[in-house]
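Participant: Following is a predicted model, sequence given first.
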Number of protein chains: 4
Amino acid sequence: MDQEKSVPIPGWSTEISEVGFHKIEIRGYALDEIIRNLSFSETIYLTIRGELPSRNQARVFDAVLCGIVDHGFFAPTGLAARIVASANPNNIIPGVAGGILTVGSVTVSPQDTAELILEAWKLKEKNGLSRQETAERIVDEALSQKKRIPGLGHPLHPTGDPRALALEEVAKKNGVWGEKSELYKEIHRIFVQKTGKTLPINIDGMMGCVLTELGFISKEMAGIAALSYMPGIIAHAVEETKEQARLRAVEGEYKGVPLRKLPREYLRG
Amino acid sequence: MDQEKSVPIPGWSTEISEVGFHKIEIRGYALDEIIRNLSFSETIYLTIRGELPSRNQARVFDAVLCGIVDHGFFAPTGLAARIVASANPNNIIPGVAGGILTVGSVTVSPQDTAELILEAWKLKEKNGLSRQETAERIVDEALSQKKRIPGLGHPLHPTGDPRALALEEVAKKNGVWGEKSELYKEIHRIFVQKTGKTLPINIDGMMGCVLTELGFISKEMAGIAALSYMPGIIAHAVEETKEQARLRAVEGEYKGVPLRKLPREYLRG
Amino acid sequence: MDQEKSVPIPGWSTEISEVGFHKIEIRGYALDEIIRNLSFSETIYLTIRGELPSRNQARVFDAVLCGIVDHGFFAPTGLAARIVASANPNNIIPGVAGGILTVGSVTVSPQDTAELILEAWKLKEKNGLSRQETAERIVDEALSQKKRIPGLGHPLHPTGDPRALALEEVAKKNGVWGEKSELYKEIHRIFVQKTGKTLPINIDGMMGCVLTELGFISKEMAGIAALSYMPGIIAHAVEETKEQARLRAVEGEYKGVPLRKLPREYLRG
Amino acid sequence: MDQEKSVPIPGWSTEISEVGFHKIEIRGYALDEIIRNLSFSETIYLTIRGELPSRNQARVFDAVLCGIVDHGFFAPTGLAARIVASANPNNIIPGVAGGILTVGSVTVSPQDTAELILEAWKLKEKNGLSRQETAERIVDEALSQKKRIPGLGHPLHPTGDPRALALEEVAKKNGVWGEKSELYKEIHRIFVQKTGKTLPINIDGMMGCVLTELGFISKEMAGIAALSYMPGIIAHAVEETKEQARLRAVEGEYKGVPLRKLPREYLRG
């Protein structure tokens, strides 16, 4: 076979961990030392980012991770976990994977806000705009293109998402707050002013701010959102398999064509 | 339609969270209060178990969660995450789900040890055996049935798994250690004595002990193992999509039948 | 690094396909020749089994594959596909994977029947029993151990599963029917006789029979069941993303502890 | 609870199947009649599209479905299936889901070509352009924006993808070929002319053409691509669990920071 010439096989390399004979190190630190000394949120931060958080960063990161641990039956995530778990009563892992697959596209998506902040920031820096000018441009463009501003509004919390308010408070108290978060808040203010819609910043939006301040990149945020939801996903999958041996079904309506016969030419002898 | 009569549709209920208008509570606690005050590991414990951990339990639970954050290329988990991520460079969630799907069957499975401990514990209680007698019965039965004792041995750590040793130390220091863990350690001691194989207790085995002491059930342990591996899964998926736009492939050997022609009767005009 | 010495890395080999420079062969046949000449069901059979089906086997395999293409809202499969798809409106693949994850454990599981047939067959051969004697032993054992006989009963089809009847008819007409299927039918007959429960053989049970006659092994059957459901999974995922931009939610009841305050010792300054 | 007022729960409806007491119909046809009479590819077409294919459409659809049944170790799909399967030796479904998750983004993606065809077709119709003028505009725009033309080139088949050639032949012979396919071929011709790169149309590109001619929409194509790969995914997952009880690992290189100690302030007593 000469395919190797035509299709070079990419090799494997990593900066995350070194694993070998008598050796498991995460980002350079021996894993047993990590177990003895660090909290889980510090270890998550280290593993994903490559460096340890400061005490203040660790405190704020804990608050971020607690942000979306569950949303009951008002979200596809727990539902997907339960439905898949109902078909796998002896193994919750497929249900956990089912829950994870709902994360990070139109829901549980701090990265959308983070990308808007990044775009707005570039616009501001490139054109030497004030915060307010930048926000006005961003909002005008979104309104003219009928694009959604990510991170705003929540049907259950029309006057303020308590999770977002708590996270903002912890972030500010610990000094993990800056120009970029203020820029997003200005975008929110201008949006409300221009549209008259008093949508609050929701938890996805606030996570996008705070994770930006902590230095995470967009793809990492999707992963962190999934990680944050894991306690709820696991709890739902376990609860489903505990309470019942029933497969999930729902009542639905059939709106398709009525009963008909296969045409003669499709019939076999 | 009268199917509702014949197939009762199960309703949905939960003890995990109450979510509604102006309300998101996890196990009875307002989520914003959780964000302001708890660590992520305390919140995980609360969400899955229903009650808050004590300070000592929280410390030990942190150590458990740090136990298996990554295992580099010496495990299917990170590999699966990377390979799926290589095909989804703009969205890491499929890769995260791919990584999760490798967890909890033959690897990353503290629940196997926990089930052995439970079985041994029942045997001991029912028959009024000493710890040593119980361990001898368990080991004899496993050896005669050629069954594996779960939680023993690691190819990279033949003389002691440093993660297991660190976790045991933290658990003992914080008083989360008891009769059940000692019973498992006795099973290990008897196994080494009877077989002459000096396999150490590995991290899965030690997690099984400590999670049993913390009161978790077997299915919850599989979820916690998945959660513990999430930092590595996320880091690998992100690293894969950062470093390359190449689809993964490997060199392999074809061992099947050589080239042949379809038989005449399968050929179309 | 000396880990290679301690942990041999398994190599990759396959008998399924040979892929290289100017070469894509499936089980020895050039894929372009397959595209020009075979049906999809013949190609599925070839790829999984390694050899081509006869015309009669191909006809019966087609009938098997049509057996469980969809089950509307009365199964977790389509539901899981829709719920995951509701969160991924631009990409149906996560929804498809969500649907697949519900397959093959307590539902859509012809392999359970196949394993029972295999067990009964061994019992019969080993002990020189008649078909009836074998069936009686199997049923007696199941009843005494309160074990379910797989493949029997369906809440929507109490007097006969029309899919199972159609599949049996096609199998018999094409000569893909034999001693093992008759043994399963005898187990069914004895079960009804002993219990008085007139449960019919359902489609999972009949697929287990027919796939056994076709020579498939248990693990392949789980895959074929998943493949058979794929049309419905895809159709549901697509329909969900077409009809709506709404995230799925359901009405549920909270049965947990009422609102409470975090104990003082958990509060941060 | 008054959340129902604020968050309307969407109901469930479908045009795919009607399932109820004594009733399983797919797109209006009784499923037992389908089992008795249709091929699997006809049933797939019916379930996804809502209507039966003509004989010629069915023949071409069979050829499409055979297009990408496997690609050995030169694709993430089989690899992901095997790696996940290595961790789940008793259940191939997680491995099947792992394989599915690699489909339809940068690989196995006929929908990208279909979207280009649709865009080119609209450009042509709106501006009354000739086929050649349209193709030139599309190629010029792609080249100026450094965008890839989807469906062109294959590292293993630099002079022609045999699968694409076979599929084109079957489509033309059965009259499933028209203006849109010719437009794509013209785009290919102009691309080669302008760039001097003699890339052939690959199987994804040709599937995109032929599925467009058959009337499928883009999202359905991603599902069909996944369905087409299912035989290979299943075969790899089964082969992996048969041949070995070894967890997958690969040799890789660690390129991160060398061993270091946790800073003092992170150490616990």
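Facilitator: Great, that's in hand.

Participant: per-residue confidence for the spatially most central residue of chain A?
Facilitator: The centroid of chain A falls nearest to A:A225 when counting by CA atoms, centre = their mean (3.0 Å). We have a pLDDT of 96 for A:A225.

Participant: if I look at A:R55, how far off is D:Y266?
Facilitator: 9 Å (CB to CB, to the nearest Å). C-betas here are computed from N, CA, C, even on glycine.

Participant: For the stretch 101-250 of chain A, list the residues in contact with chain C, please.
Facilitator: A:101-103, A:105-107, A:245, A:247-250 (CB under 8 Å from any CB of the partner chain).

Participant: how about these in TSV, adding distance to A:G20 and neighbour count?
Facilitator: TSV is the format used below for those (distance: CB to CB, whole Å; neighbours: other CB atoms under 10 Å in any protein chain shown):
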residue	distance to A:G20	neighbour count
A:L101	33	35
A:T102	37	34
A:V103	33	30
A:S105	38	21
A:V106	42	18
A:T107	40	20
A:A245	45	8
A:L247	46	19
A:R248	45	26
A:A249	50	23
A:V250	51	18
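
Participant: Least confident of these?
Facilitator: Ranking these by pLDDT, A:A245 lands last with 60.

Participant: quick one on the thing from earlier: put together JSON lines for the residues of the stretch 101-250 of chain A next to chain C, with secondary structure and distance to A:R189 on each row.
Facilitator: Output for these, formatted as JSON lines (DSSP: H, G, I helix; E, B strand; the rest coil; distance: CB to CB, whole Å):
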{"residue": "A:L101", "secondary structure": "coil", "distance to A:R189": "35"}
{"residue": "A:T102", "secondary structure": "coil", "distance to A:R189": "31"}
{"residue": "A:V103", "secondary structure": "coil", "distance to A:R189": "29"}
{"residue": "A:S105", "secondary structure": "coil", "distance to A:R189": "27"}
{"residue": "A:V106", "secondary structure": "coil", "distance to A:R189": "25"}
{"residue": "A:T107", "secondary structure": "coil", "distance to A:R189": "25"}
{"residue": "A:A245", "secondary structure": "coil", "distance to A:R189": "53"}
{"residue": "A:L247", "secondary structure": "coil", "distance to A:R189": "49"}
{"residue": "A:R248", "secondary structure": "coil", "distance to A:R189": "44"}
{"residue": "A:A249", "secondary structure": "coil", "distance to A:R189": "47"}
{"residue": "A:V250", "secondary structure": "coil", "distance to A:R189": "42"}
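
Participant: want to throw these into JSON lines with distance to chain B?
Facilitator: Compiled in JSON lines, those are given as follows (distance: CB to the nearest CB, whole Å):
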{"residue": "A:L101", "distance to chain B": "5"}
{"residue": "A:T102", "distance to chain B": "9"}
{"residue": "A:V103", "distance to chain B": "6"}
{"residue": "A:S105", "distance to chain B": "8"}
{"residue": "A:V106", "distance to chain B": "12"}
{"residue": "A:T107", "distance to chain B": "11"}
{"residue": "A:A245", "distance to chain B": "10"}
{"residue": "A:L247", "distance to chain B": "9"}
{"residue": "A:R248", "distance to chain B": "7"}
{"residue": "A:A249", "distance to chain B": "5"}
{"residue": "A:V250", "distance to chain B": "6"}
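
Participant: just the residues you listed now: which is nearest B:F216?
Facilitator: Nearest to B:F216 among those is A:A245, at 21.9 Å by CB to CB.

Participant: would you list every one of the helices in the stretch 101-250 of chain A?
Facilitator: A:110-127, A:131-144, A:162-173, A:179-195, A:203-213, A:218-243 (DSSP state H, counting those that start in this stretch).

Participant: Please identify the most buried of these.
Facilitator: Highest mean neighbour count of those: helix A:203-213, a mean of 27 (counted as mean count of other CB atoms under 10 Å in any protein chain shown).

Participant: how distant is that helix from the center of its chain?
Facilitator: 10 Å (CA atoms, centre = their mean, to the nearest Å).

Participant: could you say what helices and strands it packs with?
Facilitator: Helices and strands touching helix A:203-213, by 3 or more CB pairs under 8 Å, 6 or more residues apart in numbering or on different chains; DSSP states H and E, are helix A:55-65, helix A:110-127, helix A:162-173, helix A:179-195, helix A:218-243.

Participant: Now tabulate the ones you listed in TSV and tack on distance to C:G256.
Facilitator: What follows is these, written out as TSV (distance: least, CB to CB, whole Å):
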stretch	distance to C:G256
helix A:55-65	22
helix A:110-127	27
helix A:162-173	19
helix A:179-195	34
helix A:218-243	10
